[in-house]
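Q: Please work out how this folds:
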Amino acid sequence: MKQIRIALLDSDSDTRSGRKLLLGSIADFEIVFESNGSVSDLNEIENALIDVLVVDQRLSSGAGVDLFQKLRQEVGSDQTPNALLTCSFEQPTLRLAAIEAGICQVVALEEGPEKLVQSIRETAKQQSNTTLFELFNLISSQNPPQRTDLNFVRMFDELPDKSASSFEKLRVLWQGADRAKLEQFKMSNLESLAENLPVKTIPELIVRIQRSGLFDGE
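A: Presented below is the predicted three-dimensional model:
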C-alpha cells in the first residue's frame, strides 16, 4: 500500500493535533510535516517529499491561499505538492480564490472528518470535485474582474492541434451556457490542454481562461 505523505499547516495547534491524531490512524496516511504556516517553512515543505499539503486558510503568516501561491512561485508548479484548503465554513469567494491558486479541494470544518479524509485521497491523485457546471455558476455568481495575463494568452497561439481543438470546444460550450451540456461535460477531456499550460488543476485552467477574456472571442 502506497503511503500518502501529508503536511499539516494550521495556526490553531489544537486543530492541528486533532487532525494529526485522526489522519495518523489511517493505514496509508503518514504525517511528515506540521507547522503553524510561517513563510520560513517554505524550504522545509519543498524538501519534505509531500504528496498532499493540508493548509488552513488562517495561518500565522496570513492567508493559506497566499502561502500556497508563494510556494508555487518559489519552487514552480511541477514541484509544488497538491494542496487541500480547509476553512471554517463554505465561502464562494474563498473557493474561487483557492481554485485560481491551483488548490485541488476546499473542505469546510462543517463537512466533517470523513469528507476531509476523502478529499485528501482525491487530492493525492490531483482530482478536483468541481464540475464544469458548478464552476460556471461559481464564476457567474462572483463575477471576478478580468485580469489578462498576456504570457498566458500568447500560449494559446502555440497550442498543438489537439489542445487547440479542446479549447475551442470548451469556449463554445461556455458561451452557450447550456446547463445540461455543462453538467454532462467531463473535465478529463481537458487534460491534454492543461498539460500544455502552466496550471496545476483543470479548474484553475478554466478560471484563468475566463479571467483572461479568452472565452469572449469568436
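Q: quick one, helices of this structure?
A: Secondary structure of the chain by DSSP state H: the helices cover 13-24, 42-47, 64-75, 92-101, 112-124, 132-142, 150-155, 161-176, 179-184, 191-195, 202-211.
Q: quick one: which of these is nearest Ile4?
A: Closest to Ile4 of those is helix 112-124 (C-beta to C-beta; 4.8 Å). Glycine gets a C-beta too; all of them are placed from N, C-alpha and C.
Q: Now for the nearest residue to Ser60 once chain neighbours are set aside, how many residues are close by?
A: Leaving aside its sequence neighbours, Ser60 sits nearest to Asn36 (C-beta to C-beta, 6 or more residues apart in numbering; 4.2 Å). For Asn36, the tally of surrounding residues (other C-beta atoms under 10 Å) stands at 17.
Q: one step back: what's the most buried one of the helices of the chain?
A: Across the helices of the chain, averaging neighbours per residue (mean count of other C-beta atoms under 10 Å) puts helix 202-211 on top, at a mean of 22.
Q: what mean pLDDT does that helix have?
A: Helix 202-211 carries an average pLDDT of 95.
Q: CA atoms of that helix as PDB?
A: What follows is helix 202-211, C-alpha atoms only, in PDB (Å, rounded to 0.1, in the frame of the first residue of the first chain):
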ATOM      1  CA  ILE A 202      -8.200  21.800 -14.700                       C
ATOM      2  CA  PRO A 203     -10.500  24.100 -12.700                       C
ATOM      3  CA  GLU A 204      -7.600  26.500 -12.300                       C
ATOM      4  CA  LEU A 205      -7.100  26.400 -16.100                       C
ATOM      5  CA  ILE A 206     -10.800  27.300 -16.600                       C
ATOM      6  CA  VAL A 207     -10.700  30.200 -14.200                       C
ATOM      7  CA  ARG A 208      -7.600  31.600 -15.700                       C
ATOM      8  CA  ILE A 209      -9.100  31.300 -19.200                       C
ATOM      9  CA  GLN A 210     -12.200  33.300 -18.000                       C
ATOM     10  CA  ARG A 211     -10.100  35.900 -16.200                       C
END
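Q: now for it, which elements pack on it?
A: For helix 202-211, the packing partners by 3 or more C-beta pairs under 8 Å, 6 or more residues apart in numbering; DSSP states H and E come out as helix 92-101, helix 132-142, helix 161-176, helix 191-195.
Q: Quick one: closest of those helices to Glu183.
A: Nearest of those (C-beta to C-beta): helix 132-142, 4.5 Å.
Q: That closest one packs against which elements?
A: If you count contacts as 3+ C-beta pairs under 8 Å, 6+ apart, helix 132-142 packs onto helix 92-101, helix 179-184, helix 202-211.
Q: Take those and lay them out in a markdown table including distance to Leu109.
A: Below are these laid out as a markdown table (distance: least, C-beta to C-beta, whole Å):
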| stretch | distance to Leu109 |
| --- | --- |
| helix 92-101 | 13 |
| helix 179-184 | 28 |
| helix 202-211 | 22 |
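Q: That concludes my questions; thank you for your assistance.
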